[in-house]
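Peer 1: following is a predicted model, sequence given first.
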Amino acid sequence: KKTFYCQICLIELNSLDTMRSHVKGVKHMKKELQLNAQKEEQIRKGEISRREAERGPKVIPIPNPESTKKKVPVRLHEKIKETRDPVVGLDFIREYIAVSDPEMEPHYECDLCGNQGIANGMFSHLMGHRHRQRFVEEIYKEDPSRVMDLSQGDLLKYARKHNENGDDLGKRIRSRRSDEEYPWPPGKAPW
């Protein structure tokens, strides 16, 4: 991305296309003609040389501005606190937080189902049929025939009965703050 500054109109232009469009615009062209007429008058009067007139204001490239937006990663804990739907099986969730990059989304893994991803994906997984079914099967592993092939409605009843939303999520979800254990996307690792 290239950024420019028009010294004639005193505005920042945030791309090459914007700059090209700007210099062809009526307002800019009027100001430029006015400025050129003033310079010609100053040259005629001997106030400035032709060389000095050519150095006058123009459109110049400038460094790209620092991004003011900081990415705030979403944690699964926040998604769970926001929902009214019952959440179960949090003891099987592991959270990995990158230490060196505070803008990286935490990564989650469900040991019960093998599912993994960021908070939004893991939240959807926790609300889903497969996770709730595996959770119920884990609870009733001594008598699995009781909970085989339950409907979505039946699973919701079990989820309400074993609801973990109000629990201390920091104790249920095992968090690891580690760059070494964090599954970095290609090219993002700090080493």
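Peer 2: Great, that's in hand. Numbers count the residues shown, from 1 in each chain.

Peer 1: leaving out sequence neighbours, find the closest residue to R132.
Peer 2: Closest residue to R132 apart from its sequence neighbours, by Cβ to Cβ, 6 or more residues apart in numbering: L155 at 4.1 Å. No exception for glycine: its C-beta is placed from N, CA and C like everyone else's.

Peer 1: mind listing what's buried along the helix or strand harbouring the one you found?
Peer 2: Remark: L155 resides in helix 152-161, with elements defined by DSSP states H and E. In terms of neighbour count (16 or more other Cβ atoms under 10 Å), helix 152-161 has its buried residues at L155, L156, Y158, A159.

Peer 1: of all those residues, which two lie farthest apart?
Peer 2: In the buried residues of helix 152-161, the most distant members under the criterion Cβ to Cβ are L156 and Y158, with 7.4 Å between them.

Peer 1: give me the common contacts of the two.
Peer 2: With Cβ atoms under 8 Å, 6 or more residues apart in numbering applied, the overlap between the contact sets of L156 and Y158 consists of R132.

Peer 1: any residues touching the helix holding L155, and which ones?
Peer 2: If you take Cβ under 8 Å, 6+ apart as the criterion, helix 152-161 is touched by D85, P86, V87, V88, H129, R132, Q133, F135, V136, I139, V147, L150.

Peer 1: give the rounded mean pLDDT of it.
Peer 2: When pLDDT is averaged over helix 152-161, the result is 95.

Peer 1: need the phi and psi values for the residue sitting furthest away from the middle of the chain.
Peer 2: Among the residues of the chain, the one whose C-alpha is farthest from the average of all C-alpha positions is K45, by Cα atoms, centre = their mean at 58.3 Å. When read as degrees, to the nearest 10, the backbone of K45 gives phi -80, psi -10.

Peer 1: how much space is there between it and K39?
Peer 2: 11 Å (Cβ to Cβ, to the nearest Å).
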